[in-house]
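Novice: For reference, the sequence and a predicted model appear below.
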Amino acid sequence: MTRTIVVANQKGGVGKTTTVANLGAALAMMGRRVLLIDLDSQGALTATFGLDPYNMPRSMYNIMLNENTSLNRTIRAVGTRTRLGLVPASVDLAVAEVQLVNANDRAQRLQNALRQNRIPLDFILIDTPPSLGMLTLNGLVSADEVLVPVQCQYLAMRGVRALMETIWRVKRRLNPDLRLLGLLPTMYHPSIRHSAQVVHEMREVFGPKVFDIVVRNSSRFAEAPVANMTLVEYAPEHEGAQAYRKLAEVIANAG
């Protein structure tokens, strides 16, 4: 059975794309069949794997606008990775929210596309934009679980409340099966006391829903996409890569 996980946080720069890319690659390395979906018009996940979001003839934009494009026809192979595929984003997604505003099924476009998929998969990971708009809503409606990367800063921690309220509303009105998979502390600075305080507060508020894994801040995460790779491939012994491999193991074993 396919598990669909949406990675969401309305704050930008918290590690959503990094988490989707590295978690997906780590799961694929474990032998799982993984599909990544880029719902962000900035196309960072798409660019991570060497694809150009400014030159994408078929993308999530076509899926969201129901332009006679099936999900299966939009999936791109990601290099030589045999168990990892990507539905890319294009910059056109920036106007999709406006174009969808009057559509009756505007919150279910991605869900409908996933239901029509016939490719056997173990995991679908959805990257979302830094907002709580229509694209993120489609991700939440389509998913079984929500993974929330939280930057280890006080203001980032405060912003999680708005996301939790949105998740609760989506669960109550549109997707009763949606559940919180967990919160992942990211961009942790071990030498800065404030980072440890934020992680402590997260555990006080959310308890066991906060992963024991902490992803430390590192410039190596920015280096890997230059080589069209994830960190788990580019520098597998790096502590950041090890953190995402451990996260993949925890998530896979929890299914």
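Specialist: Received the coordinates, thanks. Numbering: from 1, shown residues only.
Novice: was I right about Asp144 contacting Leu180?
Specialist: No: proximity of Asp144 to Leu180 does not meet the contact threshold set by Cβ atoms under 8 Å, at 10.9 Å. C-beta here means a position set from N, CA and C on the backbone, and glycine is covered the same way.
Novice: buried stuff in stretch 46-59?
Specialist: For stretch 46-59, a neighbour-count test (16 or more other Cβ atoms under 10 Å) marks Thr46, Ala47, Thr48, Phe49, Leu51, Pro53, Met56, Arg58, Ser59 as buried.
Novice: Now the fourth one: closest residue in space that isn't a chain neighbour?
Specialist: It refers to Phe49. If you skip the residues right next to it in sequence, Phe49 has Val78 as its closest partner in space, 4.7 Å away by Cβ to Cβ, 6 or more residues apart in numbering.
Novice: same thing with the fifth one?
Specialist: Here the nearest residue to Leu51 in space, its sequence neighbours aside, is Pro88; by Cβ to Cβ, 6+ apart that works out to 5.2 Å.
Novice: any weak-confidence spans in this protein?
Specialist: When residues are selected by pLDDT under 70, those of the chain lie in 67, 79-80, 255.
Novice: now do 80
Specialist: By pLDDT under 80, the low-scoring segments of the chain are 66-69, 79-82, 155-158, 255.
Novice: quick one, helices of it?
Specialist: Listed in chain order, the helices of the chain (DSSP state H) span 16-29, 44-48, 60-64, 71-74, 96-100, 109-115, 134-142, 154-173, 193-206, 220-223, 231-234, 239-254.
Novice: elements contacting the second one?
Specialist: Contact analysis of helix 44-48 by 3 or more Cβ pairs under 8 Å, 6 or more residues apart in numbering; DSSP states H and E lists helix 16-29, strand 34-38 as its packing neighbours.
Novice: sorry, back to before: how about the contacts made by the residue nearest to Phe49?
Specialist: With contact set as Cβ atoms under 8 Å, 6 or more residues apart in numbering, Val78 has these partners: Leu36, Phe49, Leu84, Gly85, Leu86.
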